[in-house]
Structures are given as structure tokens and as C-alpha cells.
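1. Build the 3D model from these lines:
(2 chains)
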2 protein chains.
Amino acid sequence: ADDLNELLGYGEETAGGIMAAEYVAVPPAWTVADVTEEVRRVARMVEEVYAVFVVGEGRVLEGVVSLKKLLLSPAERSIAEIMERDFISVTTNVDQEEAAQVMERYDLVSMPVLDGDGHLVGRITIDDVVDVIRSEAEEDMQLMSGVSGDESPMTSLLKVSRGRLPWLVIGLAGAGLSGLVIGGFEESLEQAVVLATFIPIVTAMGGNAAVQSAAITVQGITSGELWTGDAFARVGREAVVAACNGLVLAGLLCSAVAVLGVAHAGPLALTLGLTMLFVVMLASANGALIPFGLQALGIDPASAIGPFVTTLNDILGLTVYFLIASLFYL
Amino acid sequence: ADDLNELLGYGEETAGGIMAAEYVAVPPAWTVADVTEEVRRVARMVEEVYAVFVVGEGRVLEGVVSLKKLLLSPAERSIAEIMERDFISVTTNVDQEEAAQVMERYDLVSMPVLDGDGHLVGRITIDDVVDVIRSEAEEDMQLMSGVSGDESPMTSLLKVSRGRLPWLVIGLAGAGLSGLVIGGFEESLEQAVVLATFIPIVTAMGGNAAVQSAAITVQGITSGELWTGDAFARVGREAVVAACNGLVLAGLLCSAVAVLGVAHAGPLALTLGLTMLFVVMLASANGALIPFGLQALGIDPASAIGPFVTTLNDILGLTVYFLIASLFYL
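-> So this is what the prediction gives:
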């Protein structure tokens, strides 16, 4: 059905793209007995029947009758009398993820799809929703991991290589920028090569904090809990959490420096402690903000988790680290 | 319903934990008219009826009748004659994710849940499956991001901080090990501080390649496409892809060194090229292997993507890098 829908001009990831044209539609004047006979007639063609759609002139949808209601109504009743006139429907151009959310929210097993003028053109069933949720989750996981959306364990090796290489090359370019930051402070490093030891700690902590903050924001956007207007409130919350966690990490790192008994322990501990606090706060704030930015640009916010924010925070974190070291350590 | 099921001793994430005890069950001797009357009687209590379960002595499940079949059968027919005797069911202790996979595979809207002796104890409906898939996807995303499973955008700040801190502390410990690797080569760095510039490139490329390889493996395990026996075949595939991509990255990095015109460009390019190739291959191989290992230990394989493999590959990558540099550059 999906390929046919695309031929008919419906977008691949829309309600029109996933709907099926196999459904039972009857005029409002029919009786329950007539409709039951119609269900019997089409039973072989329409595999799953959960509801019957009642349509008027020009297939305008007027009501919906569940199979249970049909079974429990007297044979001579008119279908117009028993149909539900307040029904939930979507139009063909609604995003498939939104259509899935509507069916989930209202626990629908079957939902009519209408064109712009209210004419019935198809239906979406709950197994389509299951497919949408499964594939959106896989897509998010792949976006987060830097893998092209159509890779599976069985994809040909050449295609796998071609799909992953762009992400690696972008990652290389990003890491190259981090390298340039370090290169810019080469004189500082020559004065105190011990500073190089803490590079992985600075980059790892920034990356981890940003990914944590981004993941929760993306989850909130995807599930419909968070809206664009919530962006600054989220950044505020993340800043508070980051200040707490940053202080704990700073304390641990300062204790480690004290225990290890390195030279110039005081200034080194001050440098590392301040760096931790600033880097974790900066990373948490941009991790919370970027998904909203991507969403506003029409890009899947899940792209924010993973390589993109970690690379950005490598660059930011190293800059902060060497600047603080220049002030307090060198 | 879920809380009651837990009181009854069913595991939270099992078929018994998510099933509902509201269903329509009838004896095989009843007629279609009797069963229709029974559906009418319980219609108010059981919100959604998709199928009727036919049970014999001691509630042993003998067959299933869909609502459509009931609607289309003559009133005087015996229910035993029209019921489907080959039905799909699960037992209470089956993992909820496995139960969801079964319903997806066979496009079921409702599935009976049996105890160990074949007695009907409940049913799972498709909206439960939707919830399971959604929550498993969120759980995977959180595991990948180092966030505790029960965090949402509305969780209290203290709880958020407490939930994330353990991951950050583990990350700090891992990054500390990377720091020790660099510290161990401090003399090499004093000889050639330019080597520090490439630290972020080595760690980023190892981490990215490992996450790509782990994500596809986890997806294959979760969807049931990959089994433990496939582990070595997957590592083989990943090694081939990694060799190709590693060579391209090595080439790009060598070209960059040549263009930038640094001192000792030849040995530096050789060091970086060999490091890229080894690090990307090593990372892809362990990224493919670790999810199988976790699965065998009963740990969610999605834990492999994210902080865990990136930290491991930071340590491995830096060791490989400085060893190769000691051999060819210093």
C-alpha cells in the first residue's frame, strides 16, 4: 500500500503515506443488518475490520461505528443512530509520528484519514503505529550514533562503508578543530606538559554532560512534553543540576591532585576545579538548547545527541581549560 | 492493572506484569447468540473487546474467536465450531519485549496470556505493545546517554542530579585512566609536544567508529535479527568496513600533515596514518563484540553504545597512538 500511496503523491512519512485504502464505508441510511452484510461481503478483501466508516455525499465522513457496537445493536436499527459523530481523524499531510501520537493518546485501534475537504481517503491501523514508533526509535538511535538511516546488520559492506564515512569525516574535521585549539596553546604545553594529561578528562566530562542534557530534552520534545517556549526554563534547570554535579566532579578532581602529590598542586587543583565547573555548566546548557534549535530548523532533534554535541563541547571545553590554565597555573 | 499484577507476583517487565485481567471468556458449548449476549453483558466493564476466549475445564484455553468472526456467524452455531484452535499465546513469565515482538510479527491486536499449565490468566492488547516499544526505546536512549532510566523533563532537580552523577563519576574515572596513559608517555610528549595536538582526533575517531559498530549490532540484537552465534561474523564484517574507512581517514590526515608543512612531516604522517587504521579497526571490532557479551551477561546491550565504549576506546586509542609514535616518530 505504501508504494501506491507514494505514487498517489502522499509524502512517505505522512498519514497519507502509511494509510491503507482497504476499509468498510457505508451510507448513513443503512441498517445494522445491511452493514453486517457489507462487512461479510468485504471480509475476504479487508483483513482486519475494527470499525465501519459512515460516509455521506462525496464520501464525506459523518461517523464511525466500532465492530463491538455493531455486534451489540439490534439488526433493524439505522447505522446513523448508533454511529459516533465525535470521532478523531487526521488529514493526509499530517506527519506519521504525529498521527501515531494521536492514536496512542486516545487508545485508537483504527483512525480515519481525510483529505483537506473532509472526504474519507483511507485509514491507519494500530499495527502501522507500531511500525512508525519502532522505525522512529531506530532512526533516532542511528542519528545518535552517526550511522545512515537505512543501515541494518545485513546491508552490503560497500554501502555500510559509504553510509558511515561522511560522519567519520565530519568527526575528523571537528576533532581537527579541537587539535587546533591545543596547537594554539602549544607554548603553554611546552611550559607544563602535565596539562596534556587532563585533556581526556576535560573532553569526556563536557561530552557526557552535554549528551545527558540533550537526551532528556530530545525525549521531552519527541513525546510532546516540551515545547519551544520551554527552552529557557530547561536551560535554567540544567544549569542548576550542572552546578551541583560540576562541584562534585571538581571536588573529586582536586582531591585526586592532592593525593597524587604533583608539583604546584594548589594552582593545578584550582585550574581543574574551575574548568570542571565551567565545562559541565556550559555543556549542559548547550545540550538543552541545541535540540530546540534543530527542531525550529526542521531537523530531527535527536541529531543533537552524539557526535555533534560531543565535538562541539570538545572544542569549547579545551578552550576554557587552556584559558583558565593560562590565568591560574602558568 | 499493572500494580495489581505485581502484587500477584508477576515480574514488572514480563507478559504477566503488563496483561489485563479484563477479557471475555466463554465455555465451548455456548452458541454464537449466547456469546454475543455475554459480550453485551460485560461491555461496560471490558472497554475494548477484540476477541473472545473459549475456555474448558479449569479455564484451560481451547480456542479464540475474533469479534469479526462472531459478527459474521449464524446465531445458532456453536462457538466451538467457529473458534480458531491454532492460536498464538505467551506464558506469564515471558519478557514484555519478547511478547511485543510476537504480537508485531503476527499482527495481533489481542493475545491470551497463560500460566504454566495452559490456564488463561489475562490478555495483552496492542496498546500495551505500543507502550512497551515506546518505553524500551526511551530506556535504550537513556542508557546510551548516561541518564538513569526514570528521568523525564519534569523530575525534581535533586533526583536528576543524583541520577546522572554516578555516570559522570564513572566517566571521570575512565577519563582518568586515559590521562594516566598520556602521563605514562610524558617524556615522549616533552620531546615532541606537537603529539598532544592529535589526542582529540585519536579519541574522537575511536569513539565514533565504536559507537557506529555497536549501534548496528544492538539494533540487530533488539529486533531479533542477530543471535549470539553471529558475533564473529559481525566482527569480520566490521573489520572489513573499518579497514576501508580507516584507510580513507588515514589518507585525509596524511594529506593534512603534508599541506600544513609541519616539521618531520614524513614520520608524523606515518604515525598518524597507522594509528587511524589500527584505532578504527580495533574500535569497530570491540563495538561489535561488546553488545553480544553484555547480552550473554543479561545486561541490556544498549548500554554498550555511548560512554562505555567511548571511554574504553579513548584508553585503547591513546595507547596505540603513543606506542606507534614511540616506534616511528620519536
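2. alpha carbons only for contacts and neighbour counts from here, please
-> Will do.
3. Now do the contacts for A:Ile124.
-> With contacts defined as Cα atoms under 8 Å, 6 or more residues apart in numbering or on different chains, A:Ile124 is in contact with A:Ala15, A:Ile18, A:Met19, A:Ala20, A:Ser110, A:Met111, A:Pro112, A:Val113.
4. In this structure the second one contacts A:Val94, no?
-> No - in this structure A:Ile18 lies outside contact range of A:Val94 using Cα atoms under 8 Å: 10.7 Å.
5. more neighbours, the two?
-> Set side by side, A:Ile18 and A:Val94 show more neighbours around A:Ile18, with 28 against 16, by other Cα atoms under 10 Å in any protein chain shown.
6. what sits up against stretch A:269-281?
-> For stretch A:269-281, the surrounding residues in contact (Cα under 8 Å, 6+ apart) are A:202, A:205-206, A:209-210, A:238-239, A:242-243, A:245-247, A:249-251, A:253-254, A:257-258, A:316-317, A:320-321, A:324-325, A:328-329.
7. do stretch A:247-258 as well
-> With contact meaning Cα under 8 Å, 6+ apart, stretch A:247-258 is reached by A:Ala265, A:Leu268, A:Ala269, A:Leu270, A:Leu272, A:Gly273, A:Leu274, A:Met276, A:Leu277, B:Leu168, B:Val169, B:Leu172.
8. Nearest to A:Pro74 among those residues?
-> Nearest to A:Pro74 among those, counting by Cα to Cα, is B:Leu168 at 64.9 Å.
9. Okay, and that closest one sits in which element?
-> helix B:157-184 (DSSP states H and E).
10. Help me see whether that helix makes contact with chain A, please.
-> Yes - legend: contact between helix B:157-184 and chain A by Cα under 8 Å from any Cα of the partner chain is shown at B:157-158, B:160-161, B:164-165, B:168-169, B:171-172, B:175-176, B:178-180, B:182-183.
11. packing partners for that helix?
-> For helix B:157-184, the contact count by 3 or more Cα pairs under 8 Å, 6 or more residues apart in numbering or on different chains; DSSP states H and E identifies helix A:199-222, helix A:231-260, helix B:307-328 as packing neighbours.
12. Report the rounded mean pLDDT for that helix.
-> For helix B:157-184, the mean pLDDT works out to 92.
13. starting at the chain centroid, how far to that helix?
-> For helix B:157-184, the gap between its own C-alpha mean and the chain's C-alpha mean amounts to 23 Å (Cα atoms, centre = their mean, to the nearest Å).
14. Stretch A:185-193 now?
-> Chain-centre distance of stretch A:185-193: 42 Å, with Cα atoms, centre = their mean.
15. Need the contact partners of it.
-> By Cα under 8 Å, 6+ apart, the list of residues contacting stretch A:185-193 from outside reads A:Leu195, A:Ala196, A:Phe322, A:Ser326, A:Leu330, B:Glu186, B:Leu189, B:Glu190, B:Val193, B:Val194.
16. Kindly report the same for stretch A:165-174.
-> A:Gly146, A:Val147, A:Pro307, A:Thr311, A:Leu312, B:Ile201, B:Ala204, B:Met205, B:Asn208, B:Ala209, B:Asn245, B:Leu249.
17. distance of the last one from B:Ala265?
-> Read that as B:Leu249. Separation of B:Leu249 from B:Ala265 (Cα to Cα, to the nearest Å): 17 Å.
18. More neighbours: the two, which one.
-> Under the neighbour definition other Cα under 10 Å, B:Leu249 and B:Ala265 were set side by side, and B:Leu249 has more, 22 against 16.
19. What separation do you get for the more buried one and B:Ala285?
-> In this view, B:Leu249 and B:Ala285 are 17 Å apart by Cα to Cα.
20. Of the contacts of stretch A:165-174 - the most surrounded one?
-> Using other Cα under 10 Å as the neighbour test, the contacts of stretch A:165-174 are led by B:Ala209, with 33 neighbours.
21. residues touching that one, list them.
-> Under the criterion of Cα under 8 Å, 6+ apart, the neighbours of B:Ala209 are A:Leu168, B:Ala242, B:Val280, B:Ala283, B:Ser284, B:Gly287.
22. want to try CSV for the residues you listed, with distance to B:Arg59 and neighbour count as columns?
-> Rendered in CSV, the data for the contacts of B:Ala209 read as follows (distance: Cα to Cα, whole Å; neighbours: other Cα atoms under 10 Å in any protein chain shown):
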residue, distance to B:Arg59, neighbour count
A:Leu168, 59, 24
B:Ala242, 57, 29
B:Val280, 58, 30
B:Ala283, 54, 31
B:Ser284, 52, 31
B:Gly287, 48, 32
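23. quick one: contacts of stretch A:24-32?
-> Here stretch A:24-32 has contacts from A:35, A:38-39, A:42, A:46, A:49, A:51-56, A:70, A:73-80, using Cα under 8 Å, 6+ apart.
24. could you give the mean pLDDT of it?
-> This predicted structure assigns stretch A:24-32 an average pLDDT of 95.
25. Return the set of buried residues in it.
-> By neighbour count on 16 or more other Cα atoms under 10 Å in any protein chain shown, the buried set for stretch A:24-32 is A:Val24, A:Ala25, A:Val26, A:Pro27, A:Pro28, A:Thr31, A:Val32.
26. can you put those in CSV and add secondary structure?
-> CSV is the format used below for the buried residues of stretch A:24-32 (DSSP: H, G, I helix; E, B strand; the rest coil):
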residue, secondary structure
A:Val24, coil
A:Ala25, strand
A:Val26, strand
A:Pro27, coil
A:Pro28, coil
A:Thr31, strand
A:Val32, helix
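27. So which of the helices and strands packed on helix B:157-184 is the most surrounded?
-> With neighbours defined by mean count of other Cα atoms under 10 Å in any protein chain shown, none of the helices and strands packed on helix B:157-184 is more surrounded on average than helix A:199-222, at a mean of 27.
28. residues near A:Arg185, how many?
-> If you look again at residue A:185, you'll see it is Phe, not Arg. 16.
29. Please apply the same query to the one 5 residues further on.
-> Other residues within reach of A:Glu190, judged by other Cα under 10 Å, total 17.
30. that's a helix at it, yeah?
-> Yes - secondary structure of A:Glu190, determined by three-state DSSP: located in a helix.
31. Tell me if stretch A:56-68 is near chain B.
-> Yes - counting by Cα under 8 Å from any Cα, chain B is contacted by stretch A:56-68 at A:Leu67, A:Lys68.
32. Name all residues that make contact with A:Leu72.
-> By Cα under 8 Å, 6+ apart, the residues touching A:Leu72 are B:Thr36, B:Val39, B:Arg40.
33. Filter the contacts of stretch A:185-193 down to the buried ones and hand me the PyMOL line.
-> To isolate the buried subset of the contacts of stretch A:185-193 in PyMOL, counting by 16+ other Cα under 10 Å, use the following:
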select buried, (chain A and resi 195+196+322) or (chain B and resi 186+189+190+193+194)
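34. okay, the contacts of stretch A:185-193 in JSON lines with distance to A:Thr228 next?
-> JSON lines is the format used below for the contacts of stretch A:185-193 (distance: Cα to Cα, whole Å):
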{"residue": "A:Leu195", "distance to A:Thr228": "40"}
{"residue": "A:Ala196", "distance to A:Thr228": "40"}
{"residue": "A:Phe322", "distance to A:Thr228": "35"}
{"residue": "A:Ser326", "distance to A:Thr228": "39"}
{"residue": "A:Leu330", "distance to A:Thr228": "43"}
{"residue": "B:Glu186", "distance to A:Thr228": "48"}
{"residue": "B:Leu189", "distance to A:Thr228": "47"}
{"residue": "B:Glu190", "distance to A:Thr228": "50"}
{"residue": "B:Val193", "distance to A:Thr228": "45"}
{"residue": "B:Val194", "distance to A:Thr228": "44"}
